[in-house]
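*Asks:* this one's structure only:
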């Protein structure tokens, strides 16, 4: 019995609640409207009125911010030592992921990575000495994001570390990130054992000069092109980077062969990259930073240019609110844990890698990466649903990064903090999970929504600027 | 208004015709049965009765054939020259795609590839001389499939060509294929210009020894593992091999660096593979041949072990009908054509590459490769629909090759000719399209269903064997 024979006219249905039924009707050709209403996130009545009064201006500013983001053309153009390359880097400075934080408030894995960086830099010869130095005030700490840099997980960058240089060919700005160390016991997850330090030294001594010569020989690699292809190959470029790493490797290998006279070194470098499917993450992140930075300083814009976590606080910056950080407590992801670990072992969300979501990849593009649900939990249909929901809170859609299973629709891009507050839909992030104690490392991977507080505070902050008040 | 409030009990609907409505209901949680009935393909009443009488035996035989197919473990283990490697190869023999065919019935691109092979072998110094030699009877022609080999498109293999050696680690049998030449003007699409011949000579002179040394150094590469991963990365491994090629390249490159002392040669080899996203096709095809051959000779089985086309005829072989070919006219694919070409220029379907569909990949796995619709036409939802339909005519599902967007369901595997006839659902194939004239090359890519006649004849042939008659 054809179901719509029950109706005199075409179906028109308003569905409140469970969205799958509306979707079924829509696929059946009926016109369905999904009303999944939640009250907005609480904000002050004064801010609400200010935002309402400036809505047209905000929308114009957001269109401008979106255009800057969509027109970006990130390209890996070279490599350098952090001290010589990152603006404002100095001998006593360590960069870290997320918003600003003091030593005493740092979570375990961030403290662990700081300890490891001081051992690597030979500023301390024991964990105890490193702890003492870190707490002494002699070492300064600053967010990567305040130095044009992005760091996954703990995100610690020390002066001797080599960094990728990514240039936005459209706007001329640059961004930086260290090279990815691989999985297991690694500095970014807070591990600092002798194997961790030795690997970092090998990366400086052998991996860095080999890659630097290869990228100079090639004259750069177009990251936007690789990332667009990788989304057609099941990556979302946050928690799954297998395709991006593969395509990068294909471009790099002939150049490594042509420029590296030590064939054993060349083979070791290729084997190292081949052994680490996340190698490309540390290029998709500065690509995002280079993409988003030109949207900074657009008066009135509520588009996010940063979402970043230090393992204690989750911080947001908007295009229209200058250098201000809006923060709230970082949450623990819903995760699949490695054998032997549980949620009790998990550190709250950490890392600058949410830059990927901020420019329309990661959790926002998870519909392009159905295989990731094996790693973070859920079903392929969940992945499609997550991406579809993010269109609700974005200023637009990518012209370059597409979701094949949504018939090549551009990924949701340019998170609008006003929409986040008004629709009460929080950005969806997929991420790795670190042990909460220093020195352990990764214990799982999972998903979570950003906490509400940074967006409520960003909304208030933008209203303050628009209303003529300084924060 | 929630729609199912209209019903006293849960929805139970029989939907005849347009399947999307049934799918919508199913997604909404209702129990729906899709009845998309077509009359069976016509076969003789006697054969129909014989098949009906032996149904239990056929099913037992098919279960055995399926188990042989699913348990296969294809591994690239080495390389060799066709003359020294392929069983039965000799100086005057040329292998070709599809079922047996004589020179006068060969289509344009197959004649073109024969001409090119004779020029490459220096058996002729002009196209006219090559044509004359090919028609003289001095040169023998045989299907690749009768020599453990698979050839894409024209599929011509001549004595001097190097071939991949793939071993099925479970059953010990081997299969072979030449190396993929890349896109554009290439022998397999019937081109035979000087650039085509020179490329073939370079492949013999430089590519072959470099790859042979690398694969010997590695001790082999597990193709099943690469193919399983590639399906998670948007390949279906017939018309899209970008992920398979990437993963193969990642495994090969360090070994090439370690074994090839001539760095220019090593770089050229890597650049050649990097420049050809279809390089892996010529490994997924012999992997399929090695997977399916052990299912041959299972009395009573209606499972296909070969679907192959020579550009004139489409041929099928069954597990239960020995060396018999069942053929019918090859059709022209529905295709997207390169600029300047139309359907009128297209040769009918050609190549052994339908081996991929025969072991559960290619068109049968197209739901894993939504990005391919950009290349062959249609929508991502069409791709899912094509795969879902193929479960109807298969003996089972792969345990290794999965479709992420169908929540990792195994691909439909083991085409059952009895089901094809009884359900009148023809195998779905996606494929490249050659120009119908010799010497031109590829003009597009598209999709088509296998023709009915080979399956009707295979059904009759199996009935003949089961009923005690020899064909």
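*Replies:* Yep, it's here. Just so it is clear, the model here is predicted, and its values are computed rather than measured. Numbering: from 1, shown residues only, chains lettered A, B, ... in the order given.

*Asks:* Secondary structure class of the nearest residue to residue A:234 once chain neighbours are set aside, three-state.
*Replies:* Among residues not flanking residue A:234 along the chain, residue B:233 sits closest, at 4.5 Å (Cβ to Cβ, 6 or more residues apart in numbering or on different chains). Heads up, the C-betas are built off the backbone N, CA and C, glycines and all. With DSSP: H, G, I helix; E, B strand; the rest coil as the basis, residue B:233 sits in coil.

*Asks:* Is it correct that residue B:233 is in contact with residue A:242?
*Replies:* Yes - counting by Cβ atoms under 8 Å, residue A:242 is a contact partner of residue B:233 at 6.6 Å.

*Asks:* and for these two, which residues touch both?
*Replies:* Common contacts of residue B:233 and residue A:242 (Cβ atoms under 8 Å, 6 or more residues apart in numbering or on different chains): A:233, A:234, A:235.

*Asks:* ok, and the most crowded of those residues?
*Replies:* Tallying neighbours with other Cβ atoms under 10 Å in any protein chain shown puts residue A:235 at the head of those, with 32 neighbours.

*Asks:* For it, report the pLDDT, please.
*Replies:* pLDDT recorded at residue A:235 is 97.

*Asks:* ok, it - contacts?
*Replies:* A:241, A:242, A:243, A:244, A:280, A:368, A:369, B:233.

*Asks:* Which helix or strand contains the third one?
*Replies:* Read it as residue A:243. helix A:242-259 (DSSP states H and E).

*Asks:* On the C-terminal side of the longest strand along chain A, identify the next helix or strand.
*Replies:* Counting residues, the longest strand found in chain A (DSSP state E) is strand A:394-403. Following strand A:394-403 in sequence order, the next helix or strand is strand A:409-415 (DSSP H and E).

*Asks:* Please state the offset of that next one from the chain centre?
*Replies:* Relative to its chain's centre, strand A:409-415 lies at 14 Å (Cα atoms, centre = their mean, to the nearest Å).

*Asks:* what do you get for stretch A:131-151?
*Replies:* How far stretch A:131-151 lies from its chain's middle: 20 Å, per Cα atoms, centre = their mean.

*Asks:* Hmm, residue A:165 is touching residue A:176, no?
*Replies:* Yes - at 6.2 Å, residue A:165 counts as touching residue A:176 under the criterion of Cβ under 8 Å.

*Asks:* shared neighbours, those two?
*Replies:* Any residue near both residue A:165 and residue A:176 by Cβ under 8 Å, 6+ apart counts here, and that gives residue A:85.

*Asks:* Those two: who's more crowded?
*Replies:* Just comparing residue A:165 and residue A:176: by other Cβ under 10 Å the higher neighbour count belongs to residue A:176, 29 against 22.

*Asks:* From what I see, that one and residue A:162 are in contact.
*Replies:* No - with contact defined as Cβ under 8 Å, residue A:176 does not reach residue A:162; the gap is 10.1 Å.

*Asks:* For these two, list the residues in contact with both.
*Replies:* Listed as contacting both residue A:176 and residue A:162 by Cβ under 8 Å, 6+ apart are residue A:82.

*Asks:* count of residues packed around residue A:283?
*Replies:* Neighbourhood size, residue A:283 [other Cβ under 10 Å]: 25.

*Asks:* residues contacting it?
*Replies:* Applying Cβ under 8 Å, 6+ apart to residue A:283 gives the contacts A:76, A:164, A:166, A:177, A:223, A:244, A:248.

*Asks:* can you do 6 Å?
*Replies:* Applying Cβ atoms under 6 Å, 6 or more residues apart in numbering or on different chains, we find residue A:283 in contact with A:76, A:164, A:223.

*Asks:* May I ask which of the residues you listed has the most neighbours?
*Replies:* In these, the most neighbours by other Cβ under 10 Å go to residue A:223, 29 neighbours.

*Asks:* so that one touches residue A:77, yeah?
*Replies:* No - Residue A:223 is beyond contact range of residue A:77, at 9.8 Å (criterion: Cβ atoms under 6 Å).
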